[in-house]
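Asks: Pasting the sequence and the predicted model now:
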Amino acid sequence: MNALQGIEGRVEWGERPAPACAPGQIRIRVAAAGLNRADLLQKAGLYPPPPGASDILGLECAGVVSEAGAGVTWQVGDRVCALLAGGGMAEEVVVDARHALPVPAGLSLAEVAALPEVYATAWLNLFQLGGLKPGEKVLLHAGASGVGSAGIQLCKAFGSPCWVSVGSADRLAYCEALGAEGGVLRGDDLQSLRDFAPFDLILDPVGANYAELNLQLLRQDGRWVVIGLMGGRKAELDLALLLGKRIQLTGSTLRSRDADFKAQLIAELGEKVWPLFASGQLKPQLERQFAAKEAELAFETLASNQVQGKVVLLVDESLA
């Protein structure tokens, strides 16, 4: 099969052996795959896949079931999307059947390819780890990103007002159109976030650069969930403030979680989040899609940090 690999800082299509489909798994003929920051890091040689995972790029995909292993409920021909530890940017992928979700009515496979990773990440960190409750105030850093776009919509759907930090006025307007109450621009004074504080929960893909400010912005018993290190990995913290406010600081990754954990997460998404796509409360935020031959341009576009929402690679345009 043809598959996309990260080689010495570039991406390249090449022939790879097709994986076997074991009991409990399904084979998906891939229509489209979503791009994520983890793919950029893997391409650069900075984020190897977990042990046992495919080294082919792609943490989410959508397509059509072409083979179903023993003991699964999916049928050949079903339209699905899937959360992956790797392997989505290939003509086909084999995945634990529990990590797949149906395509919501009215959505294309290209649109749905942009959903599993960001909605799983947002739901895990806001609601499962962050314990978000209706009425609590949320701050989403990088609010116009894929995870940020999902987080804004989830906060709105479940009754929690949210604010954002973003890189431009256009991005702030985008976030407000999705449901954010307001926010600030990175290039301006982030201290103006104090106007909206205190927050009950901060979802933080930035890390070190925002660490001191996050502590100041959180209310008593606030929760701070770190999901990325775009702003560095080392920070100096006032632990007296952390203790005095009883802040819960959580580090979180999804890709390396075990199969059972992901299965439970996907089941909860299917029950509580997926119906909101059919009702129109949630919408895929697909900004750009690229043909397979434009893979390098797709990665450059995501790396530019000018994307509002998601970028998707069309692996099989006849399906997408």
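Replies: Arrived safely, thanks for sending. Computed from a predicted structure; not experimentally measured.

Asks: what are the ranges of the helices in the protein?
Replies: Along the chain, the stretches classed as helices by DSSP state H are 37-43, 109-112, 116-123, 146-157, 169-178, 211-217, 239-244, 259-268, 275-278, 295-303.

Asks: List the buried residues for the fourth one?
Replies: Burial within helix 146-157, assessed by neighbour count using 16 or more other C-beta atoms under 10 Å, is assigned to 146-156. For glycine as for every other residue, the C-beta is placed from the backbone atoms N, C-alpha and C.

Asks: My guess is residue 37 contacts residue 302. True?
Replies: Yes - using C-beta atoms under 8 Å, residue 37 is in contact with residue 302, at 7.3 Å.

Asks: Neighbour count: these two, which is higher?
Replies: residue 302 (23 against 20; other C-beta atoms under 10 Å).

Asks: List the contacts of that one.
Replies: When the contact criterion is C-beta atoms under 8 Å, 6 or more residues apart in numbering, the partners of residue 302 are 35-37, 39-40, 311.

Asks: Would you mind measuring the gap between the ends of stretch 77-92?
Replies: 14 Å (C-alpha to C-alpha, to the nearest Å).

Asks: quick revisit: kindly reformat the buried residues of helix 146-157 as TSV containing pLDDT.
Replies: As requested, those are exported to TSV (pLDDT from 0 to 100):
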residue	pLDDT
146	95
147	97
148	97
149	97
150	98
151	98
152	98
153	98
154	98
155	98
156	98
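
Asks: which of these lies closest to residue 256?
Replies: residue 147 (16.9 Å; C-beta to C-beta).

Asks: give the contact list for that closest one.
Replies: With C-beta under 8 Å, 6+ apart, residue 147 has these contacts: 118, 121-122, 203, 205, 227.

Asks: cutoff 7 Å now
Replies: 118, 121-122, 205 (C-beta atoms under 7 Å, 6 or more residues apart in numbering).

Asks: With residue 259 instead?
Replies: By C-beta under 7 Å, 6+ apart, the neighbours of residue 259 are residue 96.

Asks: Residue 293: neighbour count?
Replies: Residues within reach of residue 293, counting by other C-beta under 10 Å, total 9.

Asks: And it, how close does it get to residue 319?
Replies: Shown here: residue 293 relative to residue 319, a distance of 16 Å by C-beta to C-beta, to the nearest Å.

Asks: that older thread, if it's not too much trouble, I'd like the helices of the chain exported to a markdown table so that distance to residue 233 sit alongside each entry.
Replies: What follows is these, written out as a markdown table (distance: least, C-beta to C-beta, whole Å):
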| stretch | distance to residue 233 |
| --- | --- |
| helix 37-43 | 13 |
| helix 109-112 | 33 |
| helix 116-123 | 19 |
| helix 146-157 | 19 |
| helix 169-178 | 25 |
| helix 211-217 | 10 |
| helix 239-244 | 18 |
| helix 259-268 | 24 |
| helix 275-278 | 35 |
| helix 295-303 | 19 |
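
Asks: wait, which of these is closest to residue 103?
Replies: Using C-beta to C-beta, those put helix 109-112 closest to residue 103, at 4.9 Å.

Asks: tell me what that closest one is packed against?
Replies: strand 25-34, strand 60-68, strand 286-291 (3 or more C-beta pairs under 7 Å, 6 or more residues apart in numbering; DSSP states H and E).

Asks: switch the cut-off to 10 Å
Replies: strand 25-34, strand 60-68, strand 79-83, strand 286-291, strand 310-314 (3 or more C-beta pairs under 10 Å, 6 or more residues apart in numbering; DSSP states H and E).

Asks: What residue spans form the domains of the chain?
Replies: 2-116+255-314, 130-251 (automatic domain parsing).

Asks: how distant is the shortest one from the center of its chain?
Replies: Spelled out, it's domain 130-251. 16 Å (C-alpha atoms, centre = their mean, to the nearest Å).

Asks: Can you give me the first-to-last residue distance of it?
Replies: End residues of domain 130-251 are separated by 11 Å (C-alpha to C-alpha).
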